[in-house]
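Novice: Provide a 3D model corresponding to the input given below.
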Amino acid sequence: MLDVRRLHLLRELQRRGTIAAVAEALTFTASAVSQQLGVLEREAGVPLLERSGRRVVLTPAGRTLVTHADAVLERLERAVSELAGAREGIGGPLRIGTFPSGGPAIVPGTLAELALRHPALEPMLQEIDSARVSDALRTGELDVALVHDYDFVPASPDTTVDQVPLLDEPMYLATAEAADDRPPASGSAAHPGTLAELLGPWATTPWITARDGTTGHAMAVRACQAAGFQPRIRHQVNDFRTVLALAAIGQGAGFVPEMATTPTPEGVVLTRLPLFRRSKVAFRAGGRTHPAIAAFVAAARTAVGTADGAS
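Specialist: This next block holds a predicted model:
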C-alpha cells in the first residue's frame, strides 16, 4: 500500500524541483527524502523519478501519482475538518499568513472579531508574500492566509489550495500635485476612463513599482504596456506608504490599492483606475469546512464589511 507521507514528499518534489528544496521545506535531510522516495518507487512498482542534469524530474507515472496524491490529501483534509467539527467549541492555535498591506487594513478587525466569537482560538500571525502561501499551506507552516491578485496578473491555478473571495478594491495612480505642470487625468468611480487616457500623460515620468519578481511589479509593468508605453522604473519598493511618500515629493508615479490610500500624504493626487486588486482567504484544499477556517473567513468578511453569505 502506498504511504501517504511519501506521497506528500513526491508532490512537494514536483512543485519545488529539487530534493534539497523539499528537505529544507519539510525540515528533513536530503538523504532522508531520497530514501523515502526510493521506498515509494518500490511500493509503486514503476519508476517515478529520473535525473535531468542536477535536477530530479517526475516520470509520467510519477506525475500521474501526484494527481492521485492531490485527491488523497484533499480527502484527508476533509476528514480532519469533519473531526474538528465534532469537537466542542473552537480552540487551539491557528497559523495565519497575511500580505503586508493586509496587516493594518484587514487583520486587526479580523482578530478582534475572532477573539470576541472564539476566545479559545489562538491566532498566530506572520507576514508572507502571496507567492509563498501555497507552499506554506501544503507544508503546514500556515493553516489559512490572506492573499491577493491583480488584473493583468491572475493567480496561477493550484489544485492543492482552495480560496474564497474577500474584497475587490480599485487601484489608484499616485502622482505629485502639478508634477511637470501636467494636471492629473480625470476619472471617477462610474467612469474612470481608459488606461491610455489615465496613464498616458505619465508615460515619460519615472515610475515607482514593487520589487521585480512580485505580482505588484508585474501588474504595474503590464498596465503601462496596455496603456501604450514601457515604464521607466526608478524606485522599487513594496511598502505602499513609501510609494505615496515618494510620489508626494515628485519622485515618480505609482500604483496603490484603495485600502492603502489612507492616510494620503499632502501633495499626492490619487486617480482612480479601471484596475482591481482582489483579496481572498486561502487554505488547504478540503479545509473549507474546518471550524477554525470557517471562523476566520467569517471574521475577515465581517472586518471588511462583506456578508457571510457572499460567494
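
Novice: so where do the strands sit in this protein?
Specialist: 49-52, 55-58, 92-98, 121-127, 144-150, 161-176, 206-209, 232-236, 253-257, 268-284 (DSSP state E).

Novice: Throw these into TSV and include mean pLDDT and distance to residue 196, thanks.
Specialist: From N, CA and C alone the C-beta is placed, and that goes for glycine too. Below are the strands of the chain laid out as TSV (pLDDT from 0 to 100; distance: least, CB to CB, whole Å):
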stretch	mean pLDDT	distance to residue 196
strand 49-52	85	44
strand 55-58	86	43
strand 92-98	95	34
strand 121-127	95	35
strand 144-150	94	18
strand 161-176	95	13
strand 206-209	97	16
strand 232-236	97	17
strand 253-257	96	15
strand 268-284	95	11
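
Novice: and those, which is most packed in?
Specialist: Comparing the strands of the chain by mean neighbour count (mean count of other CB atoms under 10 Å), strand 253-257 ranks first with a mean of 26.

Novice: who does that strand touch, helix- and strand-wise?
Specialist: strand 161-176, strand 206-209, helix 215-226, helix 240-248, strand 268-284 (3 or more CB pairs under 8 Å, 6 or more residues apart in numbering; DSSP states H and E).

Novice: out of these, which comes closest to residue 102?
Specialist: Closest to residue 102 of the helices and strands packed on strand 253-257 is strand 268-284 (CB to CB; 6.6 Å).

Novice: next one: that closest one to chain centre, how far?
Specialist: From the chain centre to the centre of strand 268-284 is a distance of 12 Å (CA atoms, centre = their mean, to the nearest Å).

Novice: what does stretch 163-177 give?
Specialist: In terms of CA atoms, centre = their mean, the centre of stretch 163-177 is found 15 Å from the chain centre.

Novice: reformat the helices and strands packed on strand 253-257 as TSV; add distance to residue 144.
Specialist: Shown next, in TSV, are the helices and strands packed on strand 253-257 (distance: least, CB to CB, whole Å):
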stretch	distance to residue 144
strand 161-176	10
strand 206-209	29
helix 215-226	20
helix 240-248	23
strand 268-284	5
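
Novice: the ones you listed: which one's closest to residue 150?
Specialist: Among the helices and strands packed on strand 253-257, the nearest to residue 150 by CB to CB is helix 215-226 (3.9 Å).

Novice: can I get the closest one in CSV, CA atoms only?
Specialist: Only the C-alpha atoms of helix 215-226 are listed here, as CSV (Å, rounded to 0.1, in the frame of the first residue of the first chain):
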residue,chain,number,x,y,z
THR,A,215,2.8,40.4,-8.7
GLY,A,216,2.7,44.1,-7.9
HIS,A,217,5.7,44.7,-10.2
ALA,A,218,4.2,42.6,-13.0
MET,A,219,0.8,44.4,-12.7
ALA,A,220,2.5,47.8,-13.0
VAL,A,221,4.6,46.9,-16.0
ARG,A,222,1.7,45.2,-17.8
ALA,A,223,-0.8,48.1,-17.0
CYS,A,224,1.7,50.6,-18.5
GLN,A,225,2.2,48.4,-21.5
ALA,A,226,-1.5,48.2,-22.0
